[in-house]
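A.B. asks: Sharing a sequence plus its predicted fold:
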Amino acid sequence: MFYLLISSIVAPTSFPIDEPQRLAPGIISTEMGEFNPTYDVDRGEFYFMRRTPGLFDYTIMVSMKTESGWSEPEVASFSGEHRDDSPYLSADGNTLFFDSDRPHPEVASRSINIWKTERGETGWSEPKLVRSASINNENESEPGRDEFGPVLDGNDNLVFYSFRAPFRGGKRFQLSSGDNYQNLQTIDDLPDPSARTFVSYISFSNDGKTAIMDGRHPGRRDAGLFYSCKDAFGDWSEAELLPKVNTTSSESGPRLSSDSSLLFYVSNTPAKLPLEPNGDIFFISTEELPVPCE
């Protein structure tokens, strides 16, 4: 089982990648659609979502990086029966958050909510609903209505995007680690370049001073990657387009590796395969980017 393999692991490359490269063509990046990666450098575990073009059969996959290369992805032990997306590993690799439409008596049928699974001696635990993120407040008419893209910031606060009332255009929310993830708060200081038209996926550097997010390109309808820096006073800068990674196609789903040395993201570049263009996972060394922020 992949999650128990710890020996003989290496990073995706042993040298800086100064230009974006498609990750493991034919193994991880295929004619299917691959999205929302998360990578544990220490264990060599790489989780991502894969779907069939044109379908919503979202499934979380896992591949291992060893000295001989990337393993053929397999369905993660906790996935495969429901619409599961946006896996995100904690810094120590022992908790994995994701969003899913799996049923739960406290949420609306087919709603998308935040779940988590814990690593144990025999593998990943049965996923549990993150109730404080997924169950609506009393003034909201429908319980558990669509939360996406859970990540942890540099202080282990849980950040995600939601269309819960009254923010039907979408907004970021936070559960603070300081109160054991109980009290839900809106995030008002981080820039959101999504123009309220789609989920704005985000990733934070380990020190919490850098945020990389996707949003709408100025003057265009498709997505691009932006970044923002936190200053000494705790204020975030305006979101700027991230150099070197944005193209005339759509780029989205940014995720920094567990050590912040690599940026993974999804690009919808024109497919060379017979199926319609779908997301492939790309990566680049952060040494080549203005992130993490100084």
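C.D. replies: Received it, and whenever you're ready, just let me know what you need. Since the structure is predicted, the reported quantities are computational estimates derived from the model, not experimental observations.

A.B. asks: Need the three-state assignment for residue 50.
C.D. replies: Secondary structure, DSSP: H, G, I helix; E, B strand; the rest coil: residue 50 is strand.

A.B. asks: and it, what does it touch?
C.D. replies: 30, 32, 33, 34, 35, 58, 59, 61, 73 (Cβ atoms under 8 Å, 6 or more residues apart in numbering). Using the backbone N, CA and C atoms, a C-beta is placed for each residue, glycine as well.

A.B. asks: same thing but at 7 Å, please
C.D. replies: 32, 33, 34, 59, 61 (Cβ atoms under 7 Å, 6 or more residues apart in numbering).

A.B. asks: What residues are bridge-paired with it?
C.D. replies: residue 34, residue 59 (DSSP bridges).

A.B. asks: Same question for residue 283.
C.D. replies: Under the criterion used (DSSP bridges), residue 283 bridges to residue 21, residue 264.

A.B. asks: Residue 261 is in contact with that one, correct?
C.D. replies: No - between residue 283 and residue 261 there is no contact under Cβ atoms under 7 Å: 10.3 Å.

A.B. asks: Looking at the two, which is more packed in?
C.D. replies: Higher neighbour count among residue 283 and residue 261: residue 283, with 22 against 16, using other Cβ atoms under 10 Å.

A.B. asks: where are the low-confidence patches of the stretch 151-294 of the chain?
C.D. replies: 196-197, 270-277 (pLDDT under 70).

A.B. asks: what ranges do the strands span in it?
C.D. replies: 158-162, 171-175, 184-186, 202-204, 210-216, 223-229, 240-241, 251-256, 262-267, 280-285 (DSSP state E, counting those that start in this stretch).

A.B. asks: partner residues bridging residue 114?
C.D. replies: residue 99.

A.B. asks: Now that it has come up, it's in contact with residue 150, right?
C.D. replies: Yes - Residue 114 lies in contact with residue 150 (Cβ under 7 Å); the separation is 5.0 Å.

A.B. asks: Name the residues contacting each of those two.
C.D. replies: In contact with both residue 114 and residue 150: 97, 99, 160, using Cβ under 7 Å, 6+ apart.

A.B. asks: JSON lines for the contacts of residue 50, including neighbour count and distance to residue 92?
C.D. replies: Below are those laid out as JSON lines (neighbours: other Cβ atoms under 10 Å; distance: Cβ to Cβ, whole Å):
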{"residue": "32", "neighbour count": "20", "distance to residue 92": "30"}
{"residue": "33", "neighbour count": "23", "distance to residue 92": "30"}
{"residue": "34", "neighbour count": "22", "distance to residue 92": "25"}
{"residue": "59", "neighbour count": "20", "distance to residue 92": "25"}
{"residue": "61", "neighbour count": "23", "distance to residue 92": "22"}
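
A.B. asks: Now flag whichever of these is closest to residue 266.
C.D. replies: residue 34 (7.0 Å; Cβ to Cβ).

A.B. asks: List the contacts of that closest one.
C.D. replies: Taking Cβ under 7 Å, 6+ apart as the test, what residue 34 contacts is 28, 48, 50, 266, 279, 280, 281.

A.B. asks: can you check residue 116 too?
C.D. replies: Shown in contact with residue 116 (Cβ under 7 Å, 6+ apart): 95, 96, 97, 127, 128, 130.
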